[in-house]
Structure formats: C-alpha cells, structure tokens
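Visitor: turn this into a model:
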Amino acid sequence: MKKIAIITGADGGMGSEITKAVAKAGYTIIMACFPSQHTQQSYAKIQKATNGEMVWFPLDLSSTESIVNFVEKINNDYPQIDLLINNAGVLYPKQKDLDGKWDYTTMVNYFGHYILTNKLLHLFREGARIINVASLTYRFGKIEPDFFEGGRHSWVQQVRNYSNSKLALLYFSLDLAEKLAEKDITVNCSDPGIVGTKIIAMNNRFFDKICDVFARPFMKSPKNGAKTAIYLALNENVGKISGGYFKNEKQISVLNRVLQSNERDLLRKITKDLLLEKNILL
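Guide: Below you'll find the predicted structure:
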C-alpha cells in the first residue's frame, strides 16, 4: 500500500516544492488548499512535473465547516495517513476578523491546524510523521488572554499576530509530541528561515518598498526554504526524533524562556475555551 501524505498550502511557493519532493518519493499526495484558480493550475503543474499520484481537496483553515468536510473526505477515502505537513500560513496585511470576533491570521496559522490535526489523529499509523512549519518569529510572540481576539488595526499588530500564532504552533507541537510519544508518531517543527514568498507583503507602500529593496534579495528561495520540511518528511535519520525544532536540516534549541513560560498552560486553557464556545468536538 502506498504511503499517504497530506500537505496544507500545497499550492504555495514552499508548498509546491514540498509537494513535488514528497510525490517523487512515492507518496500519494493530498493537496489541502484554499480553493482558487491558482490551486487548480498549481495542481496541474505539480502533477505534470512529478507524474505522481495526487488529488487536491479544498480546505479553508479559517472555517470549521471546511475542516470538518475535509476530514470527512479523508475518512471516507483513505484508511491511514503516513505524513501530515502543516505548511499553510498567512500574514494578513489588514485587519480581518472572523465572525467579527477572532483574528484571521491566528485562526488559520494555529487554530485551524490544531483542529485539523486532532481530527485526523485516529488515522495516523505507527511511524507516521507530523511536521508543523514554524517561524523564527516565535521568539517575538506572546500568548495573552486576548490571543484569539480580532480588532487590531495596524499592520504592525498583524506582524505581532503572526509571531503569536507561530509561538502557539510551537507549543502545540511540543504538547502533541508528548501526547503521541508512546504511539510511535513523531511531531517536529520546521523553521524555513526568511523566505521570499508572497506572504511577506503588507500592502503598506513604505514597508513593502523597504522589504523589496533591502531584504528580499537576501531571503531564501521557496526551494531552499522547503528543504528542512522535506528533510523531516523523508530522511530516515529523523524518524525517531520527536518534539524537535529544526532549521537548515539540523535540530536546534528552542529559547529557554519560551520553554519555561507559563504561556503554554494559558494557551491550552484558552484553546479549550474556544473549542467549547464554538462547540467543536475533537
């Protein structure tokens, strides 16, 4: 039986590179992507380049209904999952709230992947791997009681929301690694570094101009940014490592102040509270 891989944001810059590499390794690929014309075009290009076995299913990580529908399709069509790469991410350039209450960036980058992963756990076979695409910006993140709340208007605050969401994804990865330790399912974070993808654009004339002139030439290409996630997905040497944080295909330490913070406990609590408020069963 061929191995099954689910990759969120598989049609993006890094996502496309990850998808091609995993497909060439012989996996059947489920591209989990926000529905758009771009997705269909990207799917066709990747399929042609790899001649791999793949499908694409729509997935809007900001929508619980979309996540539930996606999981239902997986349950109906696939008996097991061997690899999940939570690659999708957004840094929304302007205030965008869900239901007038919750920050869009936070809900996609953290909460959507949290729900998706937990709802798929029963399908993971022994030896399966979960990879969460992290960001060095977790260092600037903070988990506070209003973590999920929207209504923050400035693009500077949106950058903070992104950092906060990536810190939350790191905490979730550590918790999940501990939870699955006895089931031979590994969970690790991949830090791609600063990659010159479309996500680094704030629709702010000053910010974007400065970025294009002084920063973008020194950023990694999507192909280089994808290397660590591909390494974690396919390299036999990391098959038994779990709870790790990897950058440039090497495991590195997470900041001690992050590991020793009470924010991890707070995140568990407010996540559970939001699940109850939205009546989401995991």
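Visitor: list the buried residues for the helix or strand hosting residue 75?
Guide: Secondary structure from DSSP states H and E places residue 75 in helix 64-77. By 16 or more other Cβ atoms under 10 Å, the buried positions in helix 64-77 come out as 64, 66-67, 70-71, 74. Backbone N, C-alpha and C define where each C-beta goes, glycine included.
Visitor: ok, residue 18 touching residue 85?
Guide: Yes. The pair residue 18 / residue 85 is scored as a contact, 6.1 Å apart, by Cβ atoms under 8 Å.
Visitor: packing partners for the strand of greatest length in the chain?
Guide: Secondary structure of the chain read by DSSP state E shows that its longest strand is strand 124-133. The criterion is 3 or more Cβ pairs under 8 Å, 6 or more residues apart in numbering; DSSP states H and E, and the helices and strands that strand 124-133 contacts are strand 81-86, helix 155-179, strand 186-191, helix 227-234.
Visitor: so which elements touch the third one?
Guide: Secondary-structure packing of strand 186-191 (3+ Cβ pairs under 8 Å, 6+ apart): strand 124-133, helix 155-179, helix 227-234, strand 245-247.
Visitor: rank these by mean pLDDT and give me the bottom one.
Guide: Between those, the one with the least mean pLDDT is helix 155-179; it has a mean of 93.
Visitor: what's that helix packed up against?
Guide: In terms of contact count using 3+ Cβ pairs under 8 Å, 6+ apart, helix 155-179 is assigned the packing partners helix 104-106, helix 113-120, strand 124-133, strand 186-191, helix 263-277.
Visitor: who are the packing partners of the helix holding residue 75?
Guide: The criterion is 3+ Cβ pairs under 8 Å, 6+ apart, and the helices and strands that helix 64-77 contacts are strand 54-58, helix 113-120.
Visitor: looking at those, which is nearest to residue 243?
Guide: Ranking these by distance to residue 243, with Cβ to Cβ as the measure, places helix 113-120 first at 14.8 Å.
Visitor: any idea of the mean pLDDT for the closest one?
Guide: Computed over helix 113-120, the mean pLDDT rounds to 98.
Visitor: what does it contact?
Guide: Where contact means Cβ atoms under 8 Å, 6 or more residues apart in numbering, the residues beyond helix 113-120 that reach it are 6, 8, 59, 61, 64, 67-68, 70-71, 74, 81, 84, 86, 88, 130, 132, 169, 172, 176, 271, 280, 282.
Visitor: just the buried residues of those residues.
Guide: For the contacts of helix 113-120, burial is judged from neighbour counts taken by 16+ other Cβ under 10 Å, and it is met by 6, 8, 59, 61, 64, 67, 70-71, 74, 81, 84, 86, 88, 130, 132, 169, 172, 176, 271, 280.
Visitor: can you redo the helices and strands packed on helix 155-179 as a markdown table with distance to residue 13?
Guide: Formatted as a markdown table, the entries for the helices and strands packed on helix 155-179 read as follows, by distance: least, Cβ to Cβ, whole Å:
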| stretch | distance to residue 13 |
| --- | --- |
| helix 104-106 | 18 |
| helix 113-120 | 18 |
| strand 124-133 | 12 |
| strand 186-191 | 15 |
| helix 263-277 | 28 |
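Visitor: the ones you listed: which one's closest to residue 156?
Guide: The minimum distance between residue 156 and the helices and strands packed on helix 155-179 falls on helix 104-106, with 13.1 Å, by Cβ to Cβ.
Visitor: now find how far off-centre that closest one is within its chain.
Guide: Distance of helix 104-106 from its chain centroid, counting by Cα atoms, centre = their mean, to the nearest Å, is 12 Å.
Visitor: and residue 183, how many residues sit next to it?
Guide: Counted with other Cβ atoms under 10 Å, residues neighbouring residue 183 total 13.
Visitor: returning to what we had before: relative to strand 54-58, how tilted is the helix holding residue 75?
Guide: Counting by axes from the mean of the first three to the mean of the last three Cα atoms, to 10 degrees, helix 64-77 lies at 150 degrees to strand 54-58.
Visitor: helix 64-77 - what's its average pLDDT?
Guide: Confidence over helix 64-77 (mean pLDDT, whole number) is 97.
Visitor: confidence score at the nearest residue to residue 168 once chain neighbours are set aside?
Guide: Beyond its immediate neighbours in the sequence, the residue positioned closest to residue 168 (Cβ to Cβ, 6 or more residues apart in numbering) is residue 110, lying 4.1 Å away. Residue 110 carries a pLDDT value of 98.
Visitor: next one: phi and psi at residue 110?
Guide: Comment: the main-chain dihedrals of residue 110 come out as phi -110, psi -60, following degrees, to the nearest 10.
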